[in-house]
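*Asks:* The sequence and its predicted three-dimensional model are supplied below.
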Amino acid sequence: MPHLLVAKPLLLLTLAIGWLAGASPISAAERSQSGSPDRAVTVAKAKEMCFSHTIQVTGVLVAKDEVLVRPEKDGLKVSQILVEPGDNVTSGQVLARLTQDGSQGGSGVTTVTAPAAGVINAVQAVIGAPASTRADPLFRIARQGEMELLAETPVNSLARLAPDQPARIEIIGIGELPGKVRLLSSTINPTTQLGNVRLSIGTNSRLRVGAFGRGIVEVARRCGPSIPFSAVSYETEGTVVQVVRDNQIESRRVIVGLIAAGDIEVREGLAMGDVVVARAGAFVRDGDRVRPVTGSADTARR
């Protein structure tokens, strides 16, 4: 039986050597994946970019200052109309001629003139119809042709708007025009919780009262460091990016802000030129040595 006692330790030693030989290549691979100096990671550099925060409002075109034209006395009827909607008129220009109503027995002619220069927005005069100082106006004039967008916006958005904020105004059939906030409503509709905002556009011969439009108002604009949105990780302890310094990974908490076109504003935590791992969640951790590879902006966002 002595030969059996010798064989058993030899067998155990042989099995142990075989297990170690098989385990070594696996642990080497794991070490390679978790921090080899040859590990390549795609990085992006923090660059300066300007971000804007905007509020959108919708509404219709109205005259900034509308002049209502009526006859100076009653007992007249329209005999001639000399202008059409869209016409430019000067102060004192004759818009229509009126005659005494037949029942009054007179035959004199009275003229209706423009009290101010501008653009005819509407003609409500009708030949043969009576003209009255108390009825609807015969003409509506946009003083100096100035137009604006009258829009509604929720009360929380209204609180962020202020006069003179720049705006882009898109008008159906015309395109985009520059403008700015001119006036904000001091009251809120209790039913809809909406308030009025007026965006001035200026003069443009193609603008027509009643046309639908949309205003995009810039309420905030900041310039500073930005990185691809894909580089940011949202974790329980806050917003984190992985910075590459001296070919080593360093996790860093940051404060982010506005987002535009796949980039995100970094308000605190990064400086211009800092290098970050372009895709959050890469299999690297603090202290790992890496070989940074600069990728295109599109590659970083994918």
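*Replies:* On my side now, so go ahead.
*Asks:* what's in contact with the host helix or strand of residue 201?
*Replies:* Residue 201 belongs to strand 194-203 when elements are defined using DSSP states H and E. Residues from elsewhere that reach strand 194-203 (Cβ atoms under 8 Å, 6 or more residues apart in numbering): 57, 61, 64, 144-155, 158, 161, 167, 169, 177, 179-185, 187-189, 207, 215, 217. Any C-beta I mention is one placed from the backbone N, CA and C, and that applies to glycine too.
*Asks:* Now do the buried residues in it.
*Replies:* For strand 194-203, a neighbour-count test (16 or more other Cβ atoms under 10 Å) marks 194-201 as buried.
*Asks:* so where do the strands sit in the stretch 201-302 of the chain?
*Replies:* Here the stretch 201-302 of the chain has its strands, by DSSP state E, counting those that start in this stretch, at 212-228, 233-235, 238-245, 248-260, 263-268, 275-277, 291-294.
*Asks:* Most tightly packed of these?
*Replies:* Of the strands of the stretch 201-302 of the chain, the one with the most neighbours on average (mean count of other Cβ atoms under 10 Å) is strand 275-277, at a mean of 23.
*Asks:* So which elements touch that one?
*Replies:* Packing partners of strand 275-277 (3 or more Cβ pairs under 8 Å, 6 or more residues apart in numbering; DSSP states H and E): strand 40-45, strand 238-245.
*Asks:* and those as a markdown table, adding distance to residue 128 and mean pLDDT?
*Replies:* Below are the helices and strands packed on strand 275-277 laid out as a markdown table (distance: least, Cβ to Cβ, whole Å; pLDDT from 0 to 100):
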| stretch | distance to residue 128 | mean pLDDT |
| --- | --- | --- |
| strand 40-45 | 75 | 93 |
| strand 238-245 | 74 | 93 |
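*Asks:* Centroid-nearest residue for the protein?
*Replies:* Geometric centre of the chain, nearest residue: residue 54, 3.9 Å, by Cα atoms, centre = their mean.
*Asks:* number of nearby residues for the nearest residue to residue 72 once chain neighbours are set aside?
*Replies:* Excluding its sequence neighbours, the residue lying closest to residue 72 (Cβ to Cβ, 6 or more residues apart in numbering) is residue 133, at 7.1 Å. By the measure other Cβ atoms under 10 Å, the count of residues near residue 133 is 11.
*Asks:* How about the one 3 residues further on?
*Replies:* Using other Cβ under 10 Å, the number of residues around residue 136 comes to 11.
*Asks:* Adjust the sequence numbering to begin at 4 for everything that follows.
*Replies:* Right, with 4 as the first residue, what we last looked at is residue 139.
*Asks:* Ramachandran coordinates for the closest residue to it other than its chain neighbours?
*Replies:* Leaving aside its sequence neighbours, residue 139 sits nearest to residue 127 (Cβ to Cβ, 6+ apart; 5.3 Å). Per-residue torsions, residue 127: phi -110, psi 0 (degrees, to the nearest 10).
*Asks:* Hmm, residue 127 is touching residue 141, no?
*Replies:* Yes: using Cβ atoms under 8 Å, residue 127 is in contact with residue 141, at 5.9 Å.
*Asks:* which of those two has more neighbours?
*Replies:* residue 141 (23 against 13).
*Asks:* I figured that one hits residue 128, correct?
*Replies:* Yes: with contact defined as Cβ under 8 Å, residue 141 reaches residue 128; the gap is 4.0 Å.
*Asks:* between those two, what contacts are shared?
*Replies:* Both residue 141 and residue 128 are contacted by 81, 99, 115, 134, under the criterion Cβ under 8 Å, 6+ apart.
*Asks:* Which pLDDT value belongs to the last one?
*Replies:* Pointing back at residue 134 there. Note on residue 134: pLDDT of 92.
*Asks:* which residues of the stretch 4-153 of the chain score low on pLDDT?
*Replies:* Residues of the stretch 4-153 of the chain that meet the criterion pLDDT under 70 lie in 4-41, 105-110.
*Asks:* can you give me the helices for it?
*Replies:* Listed in chain order, the helices of the stretch 4-153 of the chain (DSSP state H, counting those that start in this stretch) span residues 5-36.
*Asks:* where exactly do the strands run in it?
*Replies:* With DSSP E, counting those that start in this stretch as the criterion, the stretch 4-153 of the chain has strands spanning 43-48, 50-66, 69-72, 79-84, 91-92, 97-103, 112-116, 121-126, 133-134, 142-146, 149-157.
*Asks:* can I get the ones you listed in CSV with distance to residue 282?
*Replies:* Shown next, in CSV, are the strands of the stretch 4-153 of the chain (distance: least, Cβ to Cβ, whole Å):
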stretch, distance to residue 282
strand 43-48, 7
strand 50-66, 17
strand 69-72, 57
strand 79-84, 70
strand 91-92, 59
strand 97-103, 68
strand 112-116, 72
strand 121-126, 56
strand 133-134, 74
strand 142-146, 55
strand 149-157, 37
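*Asks:* Nothing else from me, thank you.
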